[in-house]
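This is a predicted model, with the sequence first.
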Amino acid sequence: MHWAKNLVDSLSHRFGRSPVAGPLATFVVVLLLCLLFVPNFGSWRTISGIVTAVSISGFVTIGITFLMVAGEFDLSIGAMIAMSGYLFGAVAVGADSQITRGLGAAGLPVAEGSGNLALALILALTVPALMGLVNGLILVWTRIPSFIVTLGTRQIYRGLVWLTSGGVLLQTLGKPPIFNVFNGRFELLNNLPLFEGANFRTATVWLLAAAFLGQYLLVHTRIGNHVFAVGGNVGAATAQGIRTSRTKVLCFVFSGLMAGAAGVISFSQFRSVRVAEQAGVELTAIAASVVGGALLNGGYGSVWGALVGILMISLLRSAVILLDIPFIPADNFPAVIGATIIASVILNNYLRSRASG
Amino acid sequence: MAEGNSQPVVVEMRQIERRFGSVVALRGVDFTVRKGEVRALMGDNGAGKSTLIKVLTGVHTPTRGRIVFDGQQVVINSPADARALGIETVYQDLALVPLMSIWRNFFLGRELHKQVGPVRWLRKKEMSEQCRKSLHDIGIEIRSAEDKVGTLSGGERQSIAIGRAIHFGAKLLILDEPTSALSVAETQKVLTYIENAKDKGLPVIFITHNVNHIYQVSDSYTIIRQGEKVGTYQKGDLSQQDIADLITGAREK
């Protein structure tokens, strides 16, 4: 039995070093408890609902995780999603909007009634990335903490969205097939006999792709190594010749890009966007990142952990609704998120100190 | 006062002067280090020893004076310039990132990667193995290069920072108060690695104000007081008490 003990030790050591370990273990335990004790939880309808509910916030969480590992925040992401949604929606279908008219007047190949999908995607991804760039540049030039910088741009960017959109709700009736590719019903999967009653959406595939991209960048590239170093000990990173400002700015750009993707995914599903779109999503994403093992002051975190975190929040929401507890109606759900954040941090700290002790 | 070592000179700083506004931090200091020598640079807080080293590592530029490194007159304007010359510095607090693994720290800023077309990714296994082997070669044993630096003791962290500097081809190793936060046993270990470095011919400058720590490994001492060099002394010229007196100015040279 000696070898078996060695195997368990080696596995737990290996697993324990991974930042996903704690959050994933907790997630599995909570999932099992829900399957056992929550009525109607064990159906594909519920499970697919939990997964689908994170298809927009998931992108934000991946971006925020980069920033948190680098020791920064971005509170202006909700406005970036709104901006992306307007640009994508208006340009892709050539909607009746001042965006379409303005771009057309500027000589770009788009007009009312004649959309331009490529242009829509380029704008929807690059404009939020530029907004992230501006956040990052203000941070490194002024050395004002990112919390304050983005608390400011959070309001400024909403104003920018208001100016861009004319302040009106954008809603389109036309539904180009490409919307189904970005975020439609995933019938291929839902029609399988195994997944009876499931309602998966194609957005989940894009989210997984973004997660793989994020994981690759953060763990398997030089820039990812520098992100951890900048958040973990900025002095040590500087002493090793790392361009710390550039590294931080790149994290803001990546986070903006993820917000742009979230805007595209969101518009593809709802075919509408308003100025106040996704207000407060940043805080949910920060919560998910922390539940997923990230440290608030930087240097530690993981993309997969963050996805586990956002899934955990979504899972608890469904469980609370299904449990139908009299004093926690669905409207009172934020209180449950609050308790989850604190409990997770206590547990993650314990597991991390054990694994590194 | 004689410089007894006949090895070639690695670095020669001549008449270095550094002013900060009207404050004169260094008043024309000469400082020479030869190959295979462990030199202690000593002085009380504010004496100017850190300023002198910061001039050598490119953190400060000298107001006056010149630096000759490896036989060539050089201008060192940034820490990157110093590194390019082979001047590696191990700082007390700024050496490593605790939440990162040993190998990630070891290769930080000098990561190895593979490339296919535009896609690059880190050679993690190779870096992990090279790191373990390189540390082993200078007598530092670690359980696994995957362990986080935060799990190591202060002495082990200093050793890894020193091992990293040696691995990346330092021609001159500068240690800034490397033992001030360590226990006696750990200090002994770190001192062993410094001796190993010296045996490889690597010159070491050891900045400290703790006489006890350097007495055993240093070949010579340079003492600085109030921005001026008091003198350079060979091992055996002075007792520990003499050194302490010269640092504080209780005794003139």
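Looks like it came in fine.

going forward, measure contacts between C-alpha atoms and count neighbours the same way
OK.

which residues of the stretch 151-253 of chain B fall in strands?
Assigned by DSSP state E, counting those that start in this stretch, the stretch 151-253 of chain B shows strands spanning B:172-176, B:204-208, B:220-225, B:228-234.

For chain A, which of the ones you listed is the nearest?
strand B:172-176 (12.9 Å; C-alpha to the nearest C-alpha).

quick one: that closest one to strand B:204-208, angle?
Orientation check (axes from the mean of the first three to the mean of the last three C-alpha atoms, to 10 degrees): strand B:172-176 against strand B:204-208 gives 10 degrees.

follow-up on the earlier one: mind putting the strands of the stretch 151-253 of chain B into CSV with distance to chain A and mean pLDDT?
Output for these, formatted as CSV (distance: least, C-alpha to the nearest C-alpha, whole Å; pLDDT from 0 to 100):
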stretch, distance to chain A, mean pLDDT
strand B:172-176, 13, 88
strand B:204-208, 17, 87
strand B:220-225, 25, 89
strand B:228-234, 28, 88
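
would you turn the ones you listed into a markdown table with mean neighbour count and distance to A:L295?
A markdown table is the format used below for those (neighbours: other C-alpha atoms under 10 Å in any protein chain shown; distance: least, C-alpha to C-alpha, whole Å):
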| stretch | mean neighbour count | distance to A:L295 |
| --- | --- | --- |
| strand B:172-176 | 24 | 30 |
| strand B:204-208 | 24 | 35 |
| strand B:220-225 | 24 | 43 |
| strand B:228-234 | 19 | 46 |
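
low pLDDT regions in the chain?
Went with chain A since none was named. A:1, A:7-17, A:328, A:330, A:354-357 (pLDDT under 70).

Let me rephrase: I mean chain B.
Looking at chain B by pLDDT under 70, you get B:1-5, B:93-94, B:252-253.

Contact residues of it facing chain A?
For chain B, the residues in contact with chain A (C-alpha under 8 Å from any C-alpha of the partner chain) are B:79-80, B:93-100, B:104, B:108-109, B:111, B:113, B:120-122, B:124, B:147-148, B:150-151.

From those, which land in strands?
B:113, B:120-122 (DSSP state E).

Would you state the helices of the stretch 1-150 of chain B in chain order?
B:49-56, B:79-85, B:102-106, B:124-137 (DSSP state H, counting those that start in this stretch).

Could you tell me the backbone phi and psi angles at the residue of chain B most remote from its centre?
The centre of chain B is farthest from one residue, B:G117, which by C-alpha atoms, centre = their mean lies 39.7 Å away. Backbone torsions for B:G117, taken as degrees, to the nearest 10, come to phi 60, psi -130.

quick one: it and chain A, what's the gap?
The spacing between B:G117 and chain A, counted by C-alpha to the nearest C-alpha, to the nearest Å, is 15 Å.

List the buried residues in stretch A:282-299.
For stretch A:282-299, burial by neighbour count (16 or more other C-alpha atoms under 10 Å in any protein chain shown) applies to A:282-296, A:298-299.

Tell me how many other residues crowd residue 177.
Picked chain A for this. Around A:P177 there are 10 other residues, counting by other C-alpha atoms under 10 Å in any protein chain shown.

my question was about chain B
For B:E177, the neighbour count with other C-alpha under 10 Å is 17.

Across the sheet, point out what pairs with the closest residue to it other than its chain neighbours.
Take B:E177 and drop its neighbours on the chain: the residue closest to it by C-alpha to C-alpha, 6 or more residues apart in numbering or on different chains is B:T208, 5.0 Å away. On the basis of DSSP bridges, B:T208 is bridged to B:M42.

Thanks a lot, see you next time.
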